[in-house]
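Have a look; sequence and predicted model below, questions after that.
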Amino acid sequence: MKKILLIMGSSLLIALVSACGSNNEDDQTLTVLVEGGSPAQTVAELTKEEFEENTGYEVIIESVPYSGVYDRMRTELTSGAGAFDVATIDTIWLPALYQGLEPIQEEITEEMQEDLFPGLIDGASMNGNVYGLPTWTNAKILLYREDLFNDSNNQATFLEEFGYELSPPETWEQYKDVAKFFGNNDTYPELYGTSVFGASSGDSVASWLDHVAQAGAEAFVIDEAGEIIVNDEDHVSALEFLNDLVNEEGTVPEGVMETASAETSELFYNGNLAMMLAWGHFFVPANDPDTSDVAGKVGAATMIAGESGIGVVPGPWYQVIPSSSENKEIAKEYLLFLYERNELYADALGVAARQSVFEAYGQQDAFAHLNELATTLNGEQTQNRPSTEKWEEIESEALLPAVQNVFSGLQTPQEALDNAKEIIELIVN
């Protein structure tokens, strides 16, 4: 009896092992992690059926809130559970996550690199490897009210007051003049020239760093040698410029400390701003009658140029493959599959990653902003944030408080950034 039971037990164990092995072989699924409601989810759902038909793999889409993407990635890279095979992530997370990601540089051809905007591959490169393929990139550009700028009375008054013609500003001084002009225009009592971001969000830091780039900075906050440069002349002068706008009565709306992209766009759509420096994709809803009261009256121009030219902080997103994935090869195929359909991100968001998509879509009136955005992204001063896993902590603990302390009048720009340097030294060391 013992012998029979032993044989039966051994047979059952073999059957179970065989069944498990069979399931793994038959398990043709690709799990994709995306931010819920994002363009990444939209494109994943649009392409799901086609990829399944092409490969025989079932695509499972898992969507979580913005911060949940990072949390899930950290959990996955710590546990190595293989819970998903592809994720679309914000560029600011890459330095903290790359050690748990699969290198993909062998999948990126020279032709692909030439079609991607400068800095996109570098932004996903760590220690000689590339860990992400860009899905879209974005940056702030100037959106302005064409009807206000083309008004003959406004043009005559502006010329008389400032000595040059009214047009979309290209320099800091022009931007300040135009903002002041419309912010104090008795003809439009509900109108302000522009806005300044001071809310408790990364938007406020990115907006300030745009101006740091234009001031001529070769790096943001921390240079390539690891030296903390947050309180140098370029960083200080950029913050002084924004603070001057805040303190110019009537130039920007009250409530700067509660203002970021969402609040600014709402003011602009409601007809309360003559200009806004906004993420490029805002051009699309600004000209949508269902969203905006000023639809059909909005033009786009490149980002402001400082003494060193046009510069911004780009905001790309990347598709990455966790090293724990058991489906790395099909995951790489999925990345290339979506790269070939990069125009779908333009349809979903109004921006993409490939320059060829910008060129093709920029010929349409609805996507005219892409021409100005492409020029901005190719600007000589456009550059990525420093590649440090401490960036989010630096931003929230040192940079954002510095910006807010200046706008609230608690510190001068130099004092605030001197203090920020001390905090950053503690964080990185």
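Nice, I can see it.

W208 falls within a strand, correct?
No - counting by DSSP: H, G, I helix; E, B strand; the rest coil, W208 is not found in a strand; it is helix.

That one: what's it in contact with?
Residues counted as contacts of W208 (C-beta atoms under 8 Å, 6 or more residues apart in numbering) are F197, A238, L239, L242, L399, V403. To be clear about C-beta, it is placed using only N, CA and C from the backbone, and glycine gets the same treatment.

Mind checking which of those residues land in helices?
Using DSSP state H, the members of the contacts of W208 that fall in helices are A238, L239, L242, V403.

Name the nearest of the residues you listed relative to Q355.
Closest to Q355 out of these is A238 (28.0 Å), distances taken as C-beta to C-beta.

secondary structure class for the most centrally placed residue in the chain?
Nearest residue to the geometric centre of the chain (C-alpha atoms, centre = their mean): G315, 2.3 Å. Here G315 is recorded as coil under three-state DSSP.

Next: G226.
Here G226 is recorded as coil under three-state DSSP.

Against P386, how distant is it?
Separation of G226 from P386 (C-beta to C-beta, to the nearest Å): 9 Å.

Next: T171.
Taken as C-beta to C-beta, the span from T171 to P386 is 27 Å.

isn't N185 right up against L191?
Yes - using C-beta atoms under 8 Å, N185 makes contact with L191 at a distance of 6.2 Å.

count of residues packed around F181?
Counted by other C-beta atoms under 10 Å, the residues lying close to F181 total 19.

Also the one 3 residues further on?
Other residues within reach of N184 by the criterion other C-beta under 10 Å amount to 16.

G299 belongs to a strand?
Yes - secondary structure assignment (three-state DSSP) places G299 inside a strand.

count of residues packed around the closest residue to it other than its chain neighbours?
Leaving aside its chain neighbours, G299 sits nearest to E146 (4.3 Å; criterion: C-beta to C-beta, 6 or more residues apart in numbering). Neighbours of E146 under the rule other C-beta under 10 Å: 14.

Touching, E146 and A295? I think so.
No - between E146 and A295 there is no contact under C-beta under 8 Å: 11.5 Å.

which helices and strands does the strand or helix carrying Y345 pack with?
Using DSSP states H and E, the element containing Y345 is helix 343-349. Applying 3 or more C-beta pairs under 8 Å, 6 or more residues apart in numbering; DSSP states H and E, one finds that helix 343-349 contacts helix 39-55, strand 133-136, helix 355-361.

Any buried residues in the last one, and which?
Of the residues in helix 355-361, those buried under the neighbour-count criterion (16 or more other C-beta atoms under 10 Å) are Q355, V357, F358, Y361.

ok now do E425, which residues does it touch?
I228.

my guess is it is in a helix, correct?
Yes - judged by three-state DSSP, E425 forms part of a helix.

Relative to L97, how far out is it?
According to C-beta to C-beta, E425 and L97 sit 24 Å apart.

N378 too?
Distance, N378 to L97, using C-beta to C-beta: 28 Å.

Looking at the two, which has the bigger crowd around it?
L97 (21 against 15).

how about the more buried one, secondary structure?
Assigned with three-state DSSP, L97 falls in the helix class.

Leaving out sequence neighbours, find the closest residue to it.
Per C-beta to C-beta, 6+ apart, closest to L97 is M73, 5.5 Å.

Could you tell me which residues make contact with the one you found?
L33, A87, I89, W93, L97, G100, P322.

re earlier: my read: the residue nearest to the centre of the chain touches T91, true?
Yes - the criterion here is C-beta under 8 Å, and G315 meets it with T91 at 6.8 Å.

shared neighbours, those two?
Joint contacts of G315 and T91 (C-beta under 8 Å, 6+ apart) do not exist.

just how off-centre is the one helix or strand I394 maps to within its chain?
Element membership of I394, judged by DSSP H and E, is helix 391-394. Between the centre of helix 391-394 and the centre of its host chain there is 16 Å, according to C-alpha atoms, centre = their mean, to the nearest Å.

What residues sit buried inside that helix?
W391, E392, I394.

List the contacts of that helix.
Helix 391-394 is contacted from outside by I92, P95, A96, V221, R385, T388, I424, I427, V428, using C-beta under 8 Å, 6+ apart.

In CSV, could you pull the C-alpha coordinates for it?
Extracted in CSV, the C-alpha atoms of helix 391-394 (Å, rounded to 0.1, in the frame of the first residue of the first chain):
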residue,chain,number,x,y,z
TRP,A,391,15.4,64.7,-8.2
GLU,A,392,11.9,64.5,-6.8
GLU,A,393,13.2,65.0,-3.2
ILE,A,394,15.4,67.9,-4.4
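
So what's the gap between stretch 91-99 and the chain middle?
For stretch 91-99 - counting by C-alpha atoms, centre = their mean - the centre lies 14 Å from the chain centre.

what about it, average pLDDT?
For stretch 91-99, mean pLDDT rounds to 95.

buried stuff in that stretch?
For stretch 91-99, by 16+ other C-beta under 10 Å, it's T91, I92, W93, L94, P95, A96, L97, Y98.

Can I get those residues in TSV including distance to Q28?
Output for those, formatted as TSV (distance: C-beta to C-beta, whole Å):
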residue	distance to Q28
T91	31
I92	33
W93	29
L94	29
P95	33
A96	31
L97	26
Y98	28
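
between the residues you listed, which is nearest D151?
T91 (39.9 Å).

start to end distance for stretch 131-150?
Counting by C-alpha to C-alpha, to the nearest Å, you get 47 Å between the two ends of stretch 131-150.

Oh, that last question was meant for stretch 242-253, not what I typed.
Terminal residues of stretch 242-253 are spaced 13 Å apart (C-alpha to C-alpha).

Repeat that for stretch 99-115.
First-to-last residue span, stretch 99-115, C-alpha to C-alpha: 27 Å.

of the helices and strands packed on helix 343-349, which approaches G82 most closely?
Comparing the helices and strands packed on helix 343-349 by their distance to G82 (C-beta to C-beta), the top pick is helix 39-55, with 18.6 Å.

what sits up against the helix or strand following the closest one?
Next along the chain after helix 39-55, taking DSSP H and E as the criterion, comes strand 58-64. When contacts are defined by C-beta under 8 Å, 6+ apart, strand 58-64 is touched by residues 28-37, 41, 44-45, 48, 51-52, 71-72, 84, 334.
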